[in-house]
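Engineer: Sharing a model that was predicted from the sequence below.
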Amino acid sequence: MRLALASVWLLYASSASSFATTASHPQNQLLQQRRNGGFASDTLSHPIGFSAGVNPAFLTSTRGGGSKDTSLQASVDTETAKASSPILPENMSLLSQRGRQAVENLIAFDGDEGAQAHVYGNWPEPGVEDEGKQQLAEQLADLDESYPGGLAAYLTKAKRLLKESADGVNPFADFEAKVPEGESLTFFDEESSTMSFEEAEQIGLKAIGDGVVFVLVAGGLGERLGYSGIKLSLETNLCTSKSYLELYTSYIKAMQFLARQKSGNNDVRIPLVIMTSGDTDPLTKQLLEDNDYFGMDRDMVTIVMQDKVAALKDGKAGLAIDDDNRWEVQTKPHGHGDVHHLLYREGLVDKWEAQGLQHVVFLQDTNALVINSIVPALGVSSARGFHMNSICIPRLAEEAAGAITKLEHKTDPSKSLVINVEYNQLDPLLKAQGTGDVPDETTGFSPFPGNANNLVMSLPEYAKTLRGEDQGVVLEFVNPKYKDEKARTDFKKPTRLECMMQDIPKLFQKELSEPKVGFCMFDRWFTFSPAKNALEAGQQTIAKGGSAPGTLSSAESDMYIQNQRKLEFAGFEIEGEDKPIMMAGIPVTSGPHVMLCPSLSISQEELKEKINKDSDLTVTRRSSLVLEGHHLKIDGLSLDGALVIRTGDDTHVTVKDLKVQNKGWTYTDLPEDDDSIPEHIRIRGYTMTKHETAEYLLYEPGHFVIESDGQVTKVE
């Protein structure tokens, strides 16, 4: 997320909170009663209670029970609003009880300022556009109920944040940036820093057995990629055609299988939570249904949906009305920071803690490489006792990426913390300290690790934090684009309050006596290559000399490259030099195209066990290789072409000195401007033609050997 320095952050303390909800949690039952008209006196305050203590500074906070906010207090004084309402009683009588209360509260909250007068003023007489009036009132009630503390709390925060943005407040004026504590691990090195990759992985494998949960943040559509569907449904690669969601679920199943083997406990199950939005929720559920949840137990998959928030049109936090419909408030996504409150609200964190689970892993939707780093990152979290561990990558100085930073308060050490700082905030902060965002003389990289935005939380401390007064409601910020940078009042387009999940360290700081927040850094090739840009945008990046186009094709190519390096680590010789080729204007690897599926290995240890390093292992650059199976072992393989081996959970297969040569698979350019080509194929600019394949699909329980001539023999 790129933020101007003038962007302002705010921690808002609330004693309870609500979003669009189910009735499973006590808070949700109350909220459902409220929606059904069960509360005789309905206000914009939360039905369980709301603390109005607000402090506009970025890195300070006011606990519940602080001084009352008069503007918020005004929201409940609806008798005054009724007496002086600009809306005719006949129009008010058209509205439901909840809708009428929401309108009256908005009028009372607005007071003499008139920032919201365009919403409730100049309503036509009864009988004219009555359905529109009702629609607006119901939407205002929904916005009130879906935001912690209600719509008045949202607008109160917005006014404070927008004022500080207009004033150009520097949120870091009282802090100095330092490099935080963390661990740097390299796949090929025995010793990376204070612990080796293998040591971290071994501790991580034990942590799996202690209990882990995955949370997948997937609230966005693929529009930025040139795709109208959900990003989770995109194919990660053309060799297996597995979607992102299928890849993540197969990784979780492989981790679960391994945990059961190591512990001897077949009851080990790993939950998955997917956070959706209104845009992605039905499509995500359909994707799961159409694919039978990709083999996961249905009761282990939970979907939580976030709501949108009201858009704001100006520096007074006036609600933005739709350009084509005066009876509709524009709404925008609130950000993936909602995930923490949603996990609290649905009672999931309490449930996991009661089950004795120990870690929660947060993943983004289209960075497939991150699955390589989860096990060692769990190991680092366990060994270092991190309450929060950010998976990071080496970051170039002044690179447009956030950095994990220790912010030391100049006068009050209790306010110091480790948190993500955006690049355009970090450089001015470091320049104020007399340095700037400059490279380390030894490594050539910035000393501040780049934030890949995948997180590992220690569940006991995470649960304690969410049960605190804020209940997972993280820091918010506002980032308006002004029409006039001098006046800084009107916006080029509506803005809104936003939040990001990586900003939860502030809540750790409040709720834990000594929060331990750190990082674990891995090589980029090993853990970071997100698909986020359309083909045209990627082509422009390459044309300008960039090396990270961020397209679906570059993400796929990087998957092949990391698997190539794993093959080499396991003892394979890759014949020929990798000379990148240009496909649809994007440089991609010339091969081999290798997919080592999670069921084959999720760790170095498994890779060593599955591939005999002392056997004859060769693969040519033009080859394609797919290996999938828990009990698949390679004891000699010479490949020049395409080979696919898939095995069942109870099928033991040994490949013994197999030699394969065939025409294989090749890339094929797609014709430009051909709308008949499905968009999920068109967004790469090319496809894969599979000429000849040696394919072994073995699912029968038992032990089998694939001989050198390709024959399959069952071993008794």
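Structural biologist: Nice, I can see it. Numbers count the residues shown, from 1 in each chain.
Engineer: quick one: the residue nearest the centre of the chain and Leu232, what's the gap?
Structural biologist: What sits nearest the mean C-alpha location of the chain, by C-alpha atoms, centre = their mean, is Gln364, with 3.3 Å. According to C-beta to C-beta, to the nearest Å, Gln364 stands 11 Å off from Leu232. Just so you know, the C-beta spots here come from the backbone N, C-alpha and C atoms, and that holds for glycine as well.
Engineer: any weak-confidence spans in this structure?
Structural biologist: By pLDDT under 70, the low-scoring segments of the chain are 1-84, 190-193.
Engineer: helices and strands around the helix or strand containing Leu162, which ones?
Structural biologist: Using DSSP states H and E, the element containing Leu162 is helix 151-167. Helices and strands touching helix 151-167, by 3 or more C-beta pairs under 8 Å, 6 or more residues apart in numbering; DSSP states H and E, are strand 8-12, strand 54-55, helix 70-73, helix 97-110, helix 130-146, strand 308-310, strand 476-478, strand 497-499.
Engineer: With mean neighbour count and distance to Phe491 as added columns, please give those in CSV.
Structural biologist: Below are the helices and strands packed on helix 151-167 laid out as CSV (neighbours: other C-beta atoms under 10 Å; distance: least, C-beta to C-beta, whole Å):
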stretch, mean neighbour count, distance to Phe491
strand 8-12, 25, 15
strand 54-55, 20, 23
helix 70-73, 16, 21
helix 97-110, 23, 19
helix 130-146, 20, 19
strand 308-310, 23, 14
strand 476-478, 23, 10
strand 497-499, 23, 14
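Engineer: quick one: which of the ones you listed is nearest Val217?
Structural biologist: strand 497-499 (12.1 Å; C-beta to C-beta).
Engineer: what packs against the next helix or strand along the chain from the closest one?
Structural biologist: Downstream of strand 497-499, the next assigned helix or strand under DSSP H and E is helix 505-511. When contacts are defined as 3+ C-beta pairs under 8 Å, 6+ apart, helix 505-511 packs onto strand 417-421, helix 459-466.
Engineer: In terms of secondary structure, what does the host helix or strand of Lys206 contact?
Structural biologist: Using DSSP H and E, Lys206 falls within helix 197-210. For helix 197-210, the contact count by 3+ C-beta pairs under 8 Å, 6+ apart identifies helix 244-263, helix 374-384, helix 604-610 as packing neighbours.
Engineer: Pick the most buried one from the ones you listed.
Structural biologist: Mean neighbours per residue, mean count of other C-beta atoms under 10 Å, is largest over those for helix 374-384, with a mean of 26.
Engineer: Helix, strand, or coil at Asp437?
Structural biologist: Assigned with DSSP: H, G, I helix; E, B strand; the rest coil, Asp437 falls in the coil class.
Engineer: residues in contact with it?
Structural biologist: Contact analysis of Asp437 by C-beta atoms under 8 Å, 6 or more residues apart in numbering lists 397-398, 423, 426-427, 430, 446, 448.
Engineer: So it versus Gly402, what's the distance?
Structural biologist: Separation of Asp437 from Gly402 (C-beta to C-beta): 12 Å.
Engineer: what is in contact with those two at once?
Structural biologist: Residues within reach of Asp437 and of Gly402 at once, by C-beta under 8 Å, 6+ apart, are 423, 426.
Engineer: What residues sit buried inside the longest strand along the chain?
Structural biologist: Among the segments of the chain that qualify as a strand by DSSP state E, the longest is strand 651-661. Using 16 or more other C-beta atoms under 10 Å as the test for burial, strand 651-661 gives 651-656, 658, 660.
Engineer: nearest residue to Ile574 other than its sequence neighbours?
Structural biologist: With sequence-adjacent residues excluded and distances taken as C-beta to C-beta, 6 or more residues apart in numbering, Ile574 is closest to Val619, at 5.7 Å.
Engineer: Cross-check the contact I'm expecting between that neighbour and Ile611.
Structural biologist: No: Val619 is beyond contact range of Ile611, at 11.7 Å (criterion: C-beta atoms under 8 Å).
Engineer: related to what we said a few turns ago, check contacts around the residue nearest to the centre of the chain.
Structural biologist: By C-beta under 8 Å, 6+ apart, the neighbours of Gln364 are 217, 370, 453-454, 530.
Engineer: Bridge partners for it, pull those for me.
Structural biologist: Judged by DSSP bridges, the bridge partners of Gln364 are Val217.
Engineer: And it, how close does it get to Ala317?
Structural biologist: 30 Å.
Engineer: follow-up on the earlier one: pull out the buried members of the contacts of Asp437.
Structural biologist: 397, 423, 426-427, 430, 446, 448.
Engineer: got the contact list for the nearest residue to His631 once chain neighbours are set aside?
Structural biologist: Take His631 and drop its neighbours on the chain: the residue closest to it by C-beta to C-beta, 6+ apart is His652, 4.1 Å away. Counting by C-beta under 8 Å, 6+ apart, His652 touches 631, 702-704.
Engineer: Going by neighbour count, which of the residues you listed comes out on top?
Structural biologist: Neighbour tally across the contacts of His652 (other C-beta atoms under 10 Å): the maximum, 19 neighbours, falls on Phe704.
Engineer: Following element in sequence after the helix or strand encompassing that one, please.
Structural biologist: Using DSSP H and E, Phe704 sits in strand 702-706. For strand 702-706, the following helix or strand on the C-terminal side (DSSP H and E) is strand 712-715.
Engineer: And that following strand, what does it pack against?
Structural biologist: Looks like strand 712-715 contacts strand 702-706 (3+ C-beta pairs under 8 Å, 6+ apart).
Engineer: The strand it packs on packs against which elements?
Structural biologist: Using 3+ C-beta pairs under 8 Å, 6+ apart: strand 702-706 touches strand 651-661, strand 712-715.
Engineer: what sits up against stretch 119-132?
Structural biologist: So stretch 119-132 is contacted by 86-88, 90-91, 94, 103, 106-107, 110, 133, 136, 140, 318-319, 321, 325-327, 329 (C-beta under 8 Å, 6+ apart).
Engineer: same thing but 6 Å
Structural biologist: Here stretch 119-132 makes contact (C-beta atoms under 6 Å, 6 or more residues apart in numbering) with 86-87, 90-91, 94, 103, 107, 319, 327.
Engineer: returning to what we had before: kindly compare burial across the helices and strands packed on helix 505-511 and name the winner.
Structural biologist: By mean count of other C-beta under 10 Å, the helices and strands packed on helix 505-511 have strand 417-421 as the most buried, with a mean of 23.
Engineer: Could you list the paired strands of that one along with their orientation?
Structural biologist: By DSSP bridges, strand 417-421 pairs with strand 403-409 (antiparallel).
Engineer: Please point out which parts of the partner strand sit buried.
Structural biologist: Buried, per 16+ other C-beta under 10 Å, within strand 403-409: 403-408.
Engineer: which one of these sits closest to Val179?
Structural biologist: Lys406 (6.7 Å).
Engineer: thinking again about what came up before, distance to Asp412 for the helices and strands packed on helix 151-167 - can I get that in CSV?
Structural biologist: Listed next are these as CSV, based on distance: least, C-beta to C-beta, whole Å:
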stretch, distance to Asp412
strand 8-12, 16
strand 54-55, 14
helix 70-73, 27
helix 97-110, 34
helix 130-146, 35
strand 308-310, 32
strand 476-478, 22
strand 497-499, 25
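Engineer: Ok, which of these comes nearest Ile203?
Structural biologist: Comparing the helices and strands packed on helix 151-167 by C-beta to C-beta, strand 497-499 comes nearest, at 32.2 Å.
Engineer: Nearest residue to Gln358 in space, please, no chain neighbours.
Structural biologist: Asp210 (4.5 Å).
Engineer: So Ile602, which state does it fall into?
Structural biologist: Classified using three-state DSSP, Ile602 is coil.
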